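Asks: got a sequence here, can you model it:
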Amino acid sequence: NNTEVLREYIPSFLFLVFPLYYIGVSLDFEKIYPWLYKLSLITIVAFTVYKLFVSAPMDDVQSMYAGDMWSSYNILPHVCVVSLSMLKKPSVINISATVIGVIMIALLGSRGPLICLVLATAVYLVFFKKYKRPVLAFFVIIVTTVLIVMGLDTIMRWLYDLSKDAG
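Replies: Numbers count the residues shown, from 1 in each chain. This next block holds a predicted model:
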């Protein structure tokens with residue numbers, strides 16, 4: 001039943017995804033991370049300026065039912081890179097860029113990128129961060145993550161009302 005879909009996407013998989021996966025695996029992450037971080041900061045700022053001042057706002061139907069999933073998922077990797085930097089080394093720039101990126105993703109009306117960001121942050125905090133009291137920290141992180149994921153519809157409804165009031 002999936003042969004049509006496989007035939008449609010096999011060229012992009014073989015000639016784009018497959019080679020880029022091996023290129024990404026072969027790169028030294030510590031060398032390219034500073035460049036990736038700077039490009040992510042620039043992208044978040046440019047995206048925010050574009051969405052707030054240049055592009056046309058979403059109409060009511062799109063805002064209520066669809067959101068802007070394409071933009072949300074495209075800005076998500078950049079927000080993840082900056083939030084990783086914020087978790088490793090908090091600074092004013094890292095915190096502000098992360099907050100702006102999260103607000104932009106939330107205002108675009110798509111829940112998927114927000115869940116991805118929450119889960120990526122939780123995975124980093126649980127598996128890669130060192131704590132003095134790990135059991136307490138893991139409990140707090142897991143409970144917070146579960147509450148955020150379970151209450152995401154309420155959060156999105158509140159953000160929808162907020163963005164509708166703001167125009």
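Asks: burial count for residue 70?
Replies: The number of residues packed around residue 70, counting by other CB atoms under 10 Å, is 10. (C-beta placed from N, C-alpha, C; glycine too.)
Asks: name the helices or strands packed onto the helix or strand hosting it?
Replies: For residue 70, the host element (DSSP states H and E) is helix 69-88. When contacts are defined as 3 or more CB pairs under 8 Å, 6 or more residues apart in numbering; DSSP states H and E, helix 69-88 packs onto helix 29-49, helix 92-107, helix 111-127.
Asks: list the buried residues in stretch 78-94.
Replies: By neighbour count on 16 or more other CB atoms under 10 Å, the buried set for stretch 78-94 is 78-86, 94.
Asks: do stretch 130-149 as well
Replies: For stretch 130-149, the neighbour count (16+ other CB under 10 Å) marks 141, 145, 148 as buried.
Asks: mind putting those residues into CSV with secondary structure?
Replies: Listed next are these as CSV, based on DSSP: H, G, I helix; E, B strand; the rest coil:
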residue, secondary structure
141, helix
145, helix
148, helix
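Asks: out of these, flag the one nearest to residue 126.
Replies: Among these, residue 141 lies closest to residue 126 (CB to CB), at 5.7 Å.
Asks: would you agree that closest one is in contact with residue 122?
Replies: Yes - applying CB atoms under 8 Å, one finds residue 141 in contact with residue 122, separated by 5.7 Å.
Asks: now do the shared contacts for those two.
Replies: By CB atoms under 8 Å, 6 or more residues apart in numbering, residue 141 and residue 122 have no common neighbours.
Asks: for the residue positioned nearest the centre of the chain, give me the pLDDT.
Replies: Nearest to the mean C-alpha position of the chain, by CA atoms, centre = their mean, lies residue 76 at 2.9 Å. On pLDDT, residue 76 comes in at 92.
Asks: can you count the residues close to residue 99?
Replies: Neighbourhood size, residue 99 [other CB under 10 Å]: 14.
Asks: cool, and the one 3 residues further on?
Replies: Around residue 102 sit 18 other residues, with neighbours defined as other CB under 10 Å.
Asks: state the distance from it to residue 74.
Replies: 15 Å (CB to CB, to the nearest Å).
Asks: tell me which residues are up against the helix or strand harbouring residue 136.
Replies: Here residue 136, judged by DSSP H and E, is contained in helix 134-150. Helix 134-150 is contacted from outside by 115, 118-119, 122, 125-126, 129, 131, 155, using CB under 8 Å, 6+ apart.
Asks: for stretch 22-38, buried residues please.
Replies: Neighbour-count burial for stretch 22-38, counted by 16+ other CB under 10 Å, picks out 36-37.
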